[in-house]
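Engineer: generate coordinates for the sequence data below:
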Amino acid sequence: MFKHLLLPLDGTAMAERVIPVARGLAQGSGARITVLHVIERSAPKARHGQAHLQNKASAEAYLRALVAREFPSLPGVDWHVHDEAVGDVAESLALHAREFHPDLVVMCAHGKQWWKDRLRGNLAQQFLHALKHGSPGRNRVPVLLVQPDERGQVDYPFHHILVPMDGADEHEQGLQPAAQLALHLKIPMLLFTAVPPSGALKGKDSGSAAFLPRATEEVLRLAEQEAARHLAVHVRELQEIGVFASGRVMRVDPAEGLLATAREMHSDLIVLGTHALSATQAFWSASVTPKILHQARASFLLAPSEGDPLLPPAPPG
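Structural biologist: Alright, predicted model coming up:
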């Protein structure tokens, strides 16, 4: 199970909605929790309708009181405030992650994503990119991005985990932390692979489908069979360690199939392997990950892969 959780908080009630999740994960597992606040340079005086922490003294008083109030019976809970105000909160979180060596970061998805967030990515995506950019090849720390429901409430414990897989082992780094959560919470996991129908192929593949429809269909049929074999191997491995796991392969557009399956299975936690793309590049390349992040009503386990490419940071503003 996880041994050290990093819990970044910005002082707002919305961010604090993840506290029961972190507390639940630590209870019974002996995990340590580090509660972190990074003071933002030129921060607004209010955020989400609440006074924003402006200096180190107020932030320390806030965290000290919060730890005493929210974690009274848990040993191994510490807090930390960064000494100086910073202009890039995500970069500062990445620096602290490299310093504290957590094996899971727990964060809150702060409500509706406006156009700027869709282009630059939410703080969790920015953090993953900053972590990869600063230490390529190391510190693949998964992020549990908790999304409140329409009422602003967090439903925890989770009930069902959905894990999309594309057949590439280097993109399946989320399997291990997902299995840890499934075992800890005693909940089922569904491994899901989408093989697109010929009509959904894009780029040069769509041209091949138009000119060689029978050959294309045979290739897709073989891909579907191989995907089923691949999932069967992982399902068997998960079942051997005690996870209630199953697999499903569908001939469907990946994003549409994943969203439909999440609704059908009432999946409240979706595991997404991410290439640590800057959100702008992922958005304009029509990556599946941003579509799922913005459309699924679920929390997410974001797991950067060992083979993630090192890309330039997202543009400012």
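
Engineer: only C-alpha atoms for contact and neighbour calcs from this point on.
Structural biologist: Fine.

Engineer: need the contact list for residue 303.
Structural biologist: 140, 141, 142, 143, 173, 174, 271, 272, 273, 274 (Cα atoms under 8 Å, 6 or more residues apart in numbering).

Engineer: pick out the lowest-pLDDT one from the residues you listed.
Structural biologist: Least confident entry in the contacts of residue 303, by pLDDT: residue 274, with 64.

Engineer: quick revisit: make CSV from the contacts of residue 303 and add distance to residue 76 to it.
Structural biologist: Below are these laid out as CSV (distance: Cα to Cα, whole Å):
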residue, distance to residue 76
140, 23
141, 20
142, 21
143, 20
173, 27
174, 26
271, 28
272, 29
273, 30
274, 30
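
Engineer: closest one of these to residue 9?
Structural biologist: Set against residue 9, the nearest of the contacts of residue 303 by Cα to Cα is residue 143 (14.0 Å).

Engineer: about what we covered before: export the contacts of residue 303 to JSON lines and tack on distance to residue 219 and secondary structure?
Structural biologist: Formatted as JSON lines, the contacts of residue 303 follow (distance: Cα to Cα, whole Å; DSSP: H, G, I helix; E, B strand; the rest coil):
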{"residue": "140", "distance to residue 219": "34", "secondary structure": "coil"}
{"residue": "141", "distance to residue 219": "36", "secondary structure": "coil"}
{"residue": "142", "distance to residue 219": "34", "secondary structure": "coil"}
{"residue": "143", "distance to residue 219": "36", "secondary structure": "strand"}
{"residue": "173", "distance to residue 219": "27", "secondary structure": "coil"}
{"residue": "174", "distance to residue 219": "28", "secondary structure": "coil"}
{"residue": "271", "distance to residue 219": "28", "secondary structure": "strand"}
{"residue": "272", "distance to residue 219": "26", "secondary structure": "strand"}
{"residue": "273", "distance to residue 219": "25", "secondary structure": "strand"}
{"residue": "274", "distance to residue 219": "26", "secondary structure": "strand"}
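
Engineer: which two of the residues you listed have the greatest separation?
Structural biologist: 140 and 271 (14.6 Å).

Engineer: comparing the two, which residue is more hemmed in?
Structural biologist: Neighbours were counted for residue 140 and for residue 271 using other Cα atoms under 10 Å; residue 271 has more, 25 against 20.
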